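Undergrad: structure for the following, please:
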Amino acid sequence: MQDPRIELLRTLLSRQVVGALGTLHAGKPAVSMVPFACEPLSKALVIHVSRLATHTRDMETSPWVSLMVMADRDPAVPPQALARITVAGRAEPCPADAAAFEQARGAYLARFPDSEPMFGFADFSLFLVQPESVRVVGGFGRAGSITRAQYLQAMTAMP
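TA: Reported below is the predicted structural model:
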């Protein structure tokens, strides 16, 4: 029997395209919206961000981030019971000369093909969020954590 936490993780990462990125901004929490993709080789979450955004500078200063991905709103489900995951990890820059760049860029553009022109903008860059742990909430009383090893295994076996 499949672990329901793993199924929810896979479902949300494959169906949802934006998340709430939590960073530290001058030592205080800050949250912004970012589109993300899943990089199939490293299993990192790929974000493409502008240097004009404070979250980019925040990640350069402190790489520890969280990324929350939520299910779509369902009027039959109380907001507090919406399914969601929160990935905690390190955001690492992925410059154009990095070995992982083409794979990460390809994963991002496969999900967001209209973003291709932004790769020509000097202020945009890729970051790879390397998950350390994932908190999974499937609704009231249905929460649990997934380790990095479990995350990697789940993403490796993802169809």
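
Undergrad: and what about Lys43, helix, strand or coil?
TA: coil (DSSP: H, G, I helix; E, B strand; the rest coil).

Undergrad: I misspoke; the intended subject was Ala96.
TA: coil.

Undergrad: got the phi and psi for it?
TA: With angles defined as degrees, to the nearest 10, Ala96 sits at phi -60, psi -20.

Undergrad: and the next element down the chain from the longest strand seen in the chain?
TA: Ordering each strand of the chain by length in residues (DSSP state E) puts strand 124-139 first. The helix or strand immediately downstream of strand 124-139 is strand 142-147, counting by DSSP states H and E.

Undergrad: in the following helix or strand past that following strand, what counts as buried?
TA: Going down the chain from strand 142-147, the next helix or strand is helix 148-156, by DSSP H and E. Residues of helix 148-156 classed as buried by neighbour count (16 or more other CB atoms under 10 Å): Gln150, Tyr151, Ala154, Met155. Any C-beta I mention is one placed from the backbone N, CA and C, and that applies to glycine too.

Undergrad: just to revisit the earlier point, tell me the angle of the longest strand of the chain relative to strand 142-147?
TA: Interaxial angle, strand 124-139 versus strand 142-147 (axes from the mean of the first three to the mean of the last three CA atoms, to 10 degrees): 140 degrees.

Undergrad: and strand 124-139, what's its mean pLDDT?
TA: For strand 124-139, the mean pLDDT works out to 96.

Undergrad: how about the buried residues of helix 148-156 in a markdown table, adding pLDDT and distance to Met118?
TA: What follows is these, written out as a markdown table (pLDDT from 0 to 100; distance: CB to CB, whole Å):
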| residue | pLDDT | distance to Met118 |
| --- | --- | --- |
| Gln150 | 92 | 33 |
| Tyr151 | 94 | 28 |
| Ala154 | 89 | 30 |
| Met155 | 89 | 25 |
